[in-house]
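[1] the sequence and its predicted three-dimensional model are supplied below.
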Amino acid sequence: MNMIVVNNLIIIFGLIAVGFFAGRGKILSDRASADFTSFLMKVTLPCTIFSSMIREYNSSLVRDSIIIFILGLVFFAGLNTINLKVADWLHVTKSRKNVWVVSASMCNIGFMGFPLILAIFGGEGLFNTVV
């Protein structure tokens with residue numbers, strides 16, 4: 001693994017640790033923590049995504065984006081089909097089945113996933129992830 005990637009991951013996890021201990025040690029109030037989270041999710045993350053999408057036009061980038069998008073649709077359709085079978089196997093009640101399937105199929109990579117992808121794969125990796 002590239003040392004630049006390792007250094008970026010150490011920095012990210014170091015910042016997570018600082019935030020965790022600041023919250024546990026009551027250095028940050030619950031309100032401040034909520035405000036930081038809101039700022040990260042509503043300002044910083046969209047700006048990071050937007051900046052990764054600013055690229056010079058390249059036909060191969062468009063082609064790759066279309067392929068990634070189609071593969072994503074196929075992947076999620078297959079995953080939902082598998083999760084429907086797993087829900088039956090686990091005897092999930094009919095009233096909870098749809099919520100269970102969607103919850104099992106959709107991942108939340110916004111808060112930690114995007115920064116990790118950016119640190120490991122750079123702007124192009126984040127671009128592909130966003131697509």
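    Cool, the structure landed. Numbers count the residues shown, from 1 in each chain.
[2] my guess is residue 12 contacts residue 113, does it?
    No: between residue 12 and residue 113 there is no contact under C-beta atoms under 8 Å: 11.3 Å. For the C-beta atoms, the positions are set from N, CA and C on the backbone; glycine is no exception.
[3] higher neighbour count, these two?
    residue 12 (16 against 13; other C-beta atoms under 10 Å).
[4] all helices of the chain, in order?
    3-24, 30-39, 45-53, 59-89, 94-105, 113-130 (DSSP state H).
[5] buried set for the longest one?
    Think helix 59-89. Buried residues in helix 59-89, counted by 16 or more other C-beta atoms under 10 Å: 83, 84, 87.
[6] so who does the second one touch?
    Just to be clear, that refers to residue 84. Residue 84 makes contacts with 97, 101, as judged by C-beta atoms under 8 Å, 6 or more residues apart in numbering.
[7] cool, the one 10 residues further on as well?
    With contact taken as C-beta under 8 Å, 6+ apart, residue 94 is in contact with no other residue.
[8] how near is it to residue 33?
    As judged by C-beta to C-beta, to the nearest Å, residue 94 and residue 33 stand 38 Å apart.
[9] please apply the same query to residue 6.
    28 Å.
[10] what of residue 60?
    43 Å.
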